[in-house]
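1. no sequence for this one, just the structure:
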């Protein structure tokens, strides 16, 4: 029984002892962080060199510097380049015979599209589909007549040229008419 009382005494001592008061911040990790910061600042300052001393040292050293004998190159002169650099497409391109014939075909396509709409309103389904199919064919022909020509203009003058933009917008309208009419012609 004596052993039992000792255990009870030990337990009662542990319960009677006051808990250690926490000091709040742990000092050892804070000191370690401060030492690391001080070392980093010291190493950073030691790594910095005076640029004047460095350039003098580079001039006086006999070390081989790769590509030192190769002269610096100037950027290429783009003024001699003819395409995509400001040579504006002439407004006369809009009077090109191929473009004018394609516009004539597209105008016929617009007329046929209007006829198909009128036939649809009248309830004549077969005439509506026939006119829509003919209009689609006219727009398709106009687009195919100008496809290579447009690609050459873009290659020569770029997308940003105002005349090229007009041509592209017109052809885009023809494409959208083709899509609408294709759905109607079925």
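-> Ah, there it is. Since the model is a prediction, treat every value here as computed from it, not as a measurement. Numbering: from 1, shown residues only.
2. just for this structure, where's the confidence low?
-> By pLDDT under 70, the low-scoring segments of the chain are 1-23, 49-61, 77-89, 184-186.
3. which element is the spatially most central residue of it on?
-> Nearest to the mean C-alpha position of the chain, by Cα atoms, centre = their mean, lies residue 159 at 17.2 Å. Here residue 159 is covered by no helix or strand, with elements defined by DSSP states H and E.
4. Report all helices and strands that the lengthiest helix in the chain contacts.
-> In the chain, taking DSSP state H as the definition, the longest helix is helix 125-157. Where contact means 3 or more Cβ pairs under 8 Å, 6 or more residues apart in numbering; DSSP states H and E, helix 125-157 is packed against helix 97-122, helix 162-185. Quick note: C-beta positions are derived from backbone N, CA and C, even for glycine.
5. quick one: the first one to helix 125-157, angle?
-> Meaning helix 97-122. 150 degrees (axes from the mean of the first three to the mean of the last three Cα atoms, to 10 degrees).
6. Pull out the buried positions in helix 97-122.
-> For helix 97-122, the buried set under the neighbour-count rule, 16 or more other Cβ atoms under 10 Å, comprises 99, 102-103, 105-106, 108-109, 112-113, 115-116, 119-120.
7. Out of those residues, which is nearest to residue 166?
-> Nearest to residue 166 among the buried residues of helix 97-122, counting by Cβ to Cβ, is residue 99 at 10.3 Å.
8. Please name the residues that touch residue 119.
-> Residue 119 is in contact with 127, 128, 131, counting by Cβ atoms under 8 Å, 6 or more residues apart in numbering.
9. Most neighbours among those residues, which one is it?
-> residue 131 (24 neighbours; other Cβ atoms under 10 Å).
10. before we move on, the earlier item: let's have the buried residues of helix 97-122 in CSV, adding distance to residue 69.
-> Rendered in CSV, the data for these read as follows (distance: Cβ to Cβ, whole Å):
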residue, distance to residue 69
99, 56
102, 59
103, 61
105, 64
106, 63
108, 69
109, 67
112, 72
113, 71
115, 77
116, 75
119, 81
120, 79
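11. for the residues you listed, which one is nearest residue 31?
-> Comparing the buried residues of helix 97-122 against residue 31 with Cβ to Cβ picks out residue 99 as the nearest, at 82.9 Å.
12. Distance of residue 76 relative to residue 90?
-> Going from residue 76 to residue 90 by Cβ to Cβ, to the nearest Å gives 27 Å.
13. Residue 175 too?
-> Residue 175 is 25 Å from residue 90, by Cβ to Cβ.
14. Residue 136 now?
-> Taken as Cβ to Cβ, the span from residue 136 to residue 90 is 32 Å.
15. So the two - more neighbours on which side?
-> residue 136 (23 against 11).
16. does the more buried one really touch residue 178, like I thought?
-> Yes - Residue 136 is within contact range of residue 178, at 5.7 Å (criterion: Cβ atoms under 8 Å).
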